[in-house]
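In: output the structure for:
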Amino acid sequence: MTATAVMSASRDGLPEASEAALTPRVVIANGLNRFHLAVAASELQRRGALAGFVTGAYPGRRSRLIGSVLNRSGSTRARRFLDRDENIESSRVEALWIPELLGQLGSAARSRGWKSPAERLDAAALRTFGLRARRAVRRHSDAEIYHYRSGFGLESTYEARRRGMFALCDHSIAHPGVLESLVESKGELGTPRLPRSRVLRSLSADLDASDSVLVNSTFVRETFIHCGHDPGRIHVLYLGVDDRFLQSIPATPRRNASGVLRLGFAGAFEERKGVAVLVEALSMVTAPWRLELAGPISGVMARKYASFLTDDRVRHRGNLSRSELARWLVDLDAFVFPSFAEGSARVVFEALACGRFVITTPNAGSIVDDGVHGRLVPPGDAVSLANALEETAERLDDLEAIGAANAALVRRAYRQSHYSEGLVRLYRRLLTGTEVVR
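Out: Numbers count the residues shown, from 1 in each chain. Predicted coordinates:
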């Protein structure tokens, strides 16, 4: 029976076991930190399709115990580390601690403004990860697909292709050829160019080595086409929100009785996220407002924006665990994220899931429709952002109903299961040219 005939039969009611057998076996390389490919690996394991999962530091039995002890002592790092656990069978996990260490050293150097050492450490983390991931590829050489995060494939990608695997590169931000210029031009697509950054050059090499590329928004796909890529090789699948986050969202948000617009911003406080535009826009807003920031602020940025960050209306909450993030988001009126360049910002989906009105840019790669889920403003346009904030402050009574519709949309169409179903359909289509419609 041909693959097409088998897939057709599955639509006609084959048992679940037969349906699972149609799903290709996959090795996933997640790279460092908590990334959406960990959720993908968990879902593939549930479907019986995960051959191996390669990642950075990961909570094994011993490290989970140590992390739990530290977590009870209030350690934010411990909570964030434990958040990486996706209940993937330990026999399928290859945790690479040396690349993780190099990456953490790179982050520490960057926070101190040591740009060149940080870039060298980041590049070394990518290279080391790719070299060590080769072992997992060799061990699971019967797998059909190597699904890897861009920049973290490198030598392992070449190994996978030598062994006949389909190499699917997962890229979650604007194309490297325009990423630097998007920041410099405050969100405007410029002429593609060879990246200056070694890390971005590694990402470009991984993209070029792949059979196909998976991106997480139409915005990212547009940047690839702008850089001359064949549209037929670029596939879009929005990530949505994982079940664990949805389960941590409180049922009853704190109502706003003050009349002050409660705003939130989450993520690294950096130029790419449009923080300069946010600061300028808020200086124009006449309605009463408060802003809370969640995420890291480097020493360089703390000094540059010292006046803003010490404003009585601004509060820095620091790094939050994901459950803390959920509790924080539900107590906001609106989430503001004026980024110049993203892939599809997960935190925007999380804000929608928490029932928030979202003010962002098209470059955030979200599903936000202007005037429906919140407001879309042009990247780099402080006046438009200020106007959107003023309008939001004037309609506080409408935000609850809009937020409830946003939360319902995420649960209806952008959950972990929706992502995994789309991923499996893509795998089948890439290998056979045929897609199962469930």
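In: does the residue nearest to residue 332 when sequence neighbours are not counted belong to a helix, a strand or coil?
Out: If you skip the residues right next to it in sequence, residue 332 has residue 264 as its closest partner in space, 4.3 Å away by C-beta to C-beta, 6 or more residues apart in numbering. For every residue, glycine as well, the C-beta is placed using N, CA and C. The three-state label for residue 264, taken from DSSP: H, G, I helix; E, B strand; the rest coil, comes out as strand.
In: what does residue 292 give?
Out: Remark: residue 292 carries the secondary structure label strand [criterion: three-state DSSP].
In: and stretch 141-153, what's buried?
Out: Buried residues in stretch 141-153, counting neighbours by 16 or more other C-beta atoms under 10 Å, are found at 143, 144, 145, 146, 147, 148, 149, 150, 151, 152, 153.
In: re the thing from before, right, and the residue nearest to residue 332 touches residue 336 too?
Out: Yes: taking C-beta atoms under 8 Å as the contact criterion, residue 264 and residue 336 are neighbours in contact, 7.2 Å apart.
In: overlap in contacts of those two?
Out: Common contacts of residue 264 and residue 336 (C-beta atoms under 8 Å, 6 or more residues apart in numbering): residue 291.
In: these two - which one has more neighbours?
Out: Here residue 264 and residue 336 are compared on neighbour count by other C-beta atoms under 10 Å; more neighbours surround residue 336, at 29 against 25.
In: now the more buried one. Its backbone dihedrals?
Out: Backbone torsions of residue 336, given as degrees, to the nearest 10, read phi -120, psi 130.
In: shaky segments in the stretch 51-200 of the chain?
Out: Along the stretch 51-200 of the chain, the parts satisfying pLDDT under 70 run over 61-75.
In: all helices of it, in order?
Out: Shown for the stretch 51-200 of the chain, the helices assigned by DSSP state H, counting those that start in this stretch span residues 61-72, 76-82, 97-111, 115-139, 155-162, 176-184, 198-209.
In: quick one, what contacts the residue nearest the centre of the chain?
Out: Nearest to the mean C-alpha position of the chain, by C-alpha atoms, centre = their mean, lies residue 346 at 4.8 Å. For residue 346, the contacting residues are 36, 239, 241, by C-beta under 8 Å, 6+ apart.
In: which of these sits closest to residue 86?
Out: Sorting the contacts of residue 346 by how near they are to residue 86, with C-beta to C-beta, puts residue 36 at the top with 10.5 Å.
In: my guess is the closest one meets residue 239, correct?
Out: Yes: with contact defined as C-beta under 8 Å, residue 36 counts as touching residue 239 (5.0 Å).
In: what touches both of the two?
Out: When contacts are counted by C-beta under 8 Å, 6+ apart, the set common to residue 36 and residue 239 consists of 216, 346, 419.
In: distance check, residue 275 against residue 285.
Out: Distance, residue 275 to residue 285, by C-beta to C-beta, to the nearest Å: 15 Å.
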